[in-house]
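> sharing a model that was predicted from the sequence below.
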Amino acid sequence: MAMTPVELKLHPEMLRAAAALARDRDITVGQLVRDLLAREISKARQARPPSRADERLVAPLRARLAPILAKAETWDEMQRALAAHDFALRAAGGGLALHTLRGNRRVCKASELGFSYLKLMRRLNAPFPGHPHHWLSPSNPPARH
């Protein structure tokens with residue numbers, strides 16, 4: 001692969017440190033810079049997008065799904081009502097995430113819709129079926145009715 005020469009300005013201390021590092025690795029300073037850039041480019045390409053959903057997408061969903069999440073009296077009832085709109089809740093870390101049924105695409109966290117796992121669990125007086133967290137901390141178990 002052909003390489004294009006690049007002029008790089010470094011402080012003398014940085015150049016001395018880079019030269020020492022390159023010498024320890026038995027490579028040139030140029031190769032050290034190429035390796036570091038390749039690593040940074042690879043990390044940037046593999047970086048995960050922010051887990052927070054876009055508010056412009058969440059707001060209409062919140063308006064459409066909030067009545068379902070607020071009125072359901074059981075997890076099964078909630079899942080059936082969400083399924084009628086092509087959605088389902090799934091365990092995600094310490095909370096819940098909304099997924100599409102077709103394509104199983106994660107849309108947003110339930111808390112972004114205004115319904116945290118803890119609040120839903122307390123209101124329904126039961127943990128989400130199959131969720132690894134039955135409560136979020138020993139001091140916050142589901143309320144007893």
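That came in fine, so what should we check first?

> against which helices or strands is the helix or strand hosting R123 packed?
Using DSSP states H and E, R123 maps to helix 117-124. The contact analysis (3 or more Cβ pairs under 8 Å, 6 or more residues apart in numbering; DSSP states H and E) places helix 117-124 against helix 75-83, strand 95-100. Any C-beta I mention is one placed from the backbone N, CA and C, and that applies to glycine too.

> next, the buried residues of that helix.
Residues Y117, L118, L120, M121, R122, R123, L124 are the ones in helix 117-124 that count as buried (16 or more other Cβ atoms under 10 Å).

> CSV for these, including pLDDT and distance to M3?
Supplementary listing: the buried residues of helix 117-124 in CSV, determined by pLDDT from 0 to 100; distance: Cβ to Cβ, whole Å:
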residue, pLDDT, distance to M3
Y117, 93, 53
L118, 91, 56
L120, 94, 57
M121, 92, 58
R122, 90, 62
R123, 91, 63
L124, 92, 62
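
> Throw those into CSV and include distance to G93, thanks.
As requested, the buried residues of helix 117-124 are exported to CSV (distance: Cβ to Cβ, whole Å):
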residue, distance to G93
Y117, 9
L118, 13
L120, 15
M121, 14
R122, 18
R123, 20
L124, 19
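
> specify the angle between the helix holding R123 and helix 75-83 in degrees.
120 degrees (axes from the mean of the first three to the mean of the last three Cα atoms, to 10 degrees).

> picking that back up, nearest to A17, of the buried residues of helix 117-124?
Ranked by distance to A17 (Cβ to Cβ), the buried residues of helix 117-124 are led by Y117 at 48.2 Å.

> can you tell me the SS state at R90?
Following DSSP: H, G, I helix; E, B strand; the rest coil, we place R90 in the strand state.

> list the buried residues for the helix or strand bottoming out on mean pLDDT in the chain?
Counting by mean pLDDT, DSSP states H and E, the chain has its least confident helix or strand at helix 29-46, which shows a mean of 84. For helix 29-46, a neighbour-count test (16+ other Cβ under 10 Å) marks V29, L32, V33 as buried.
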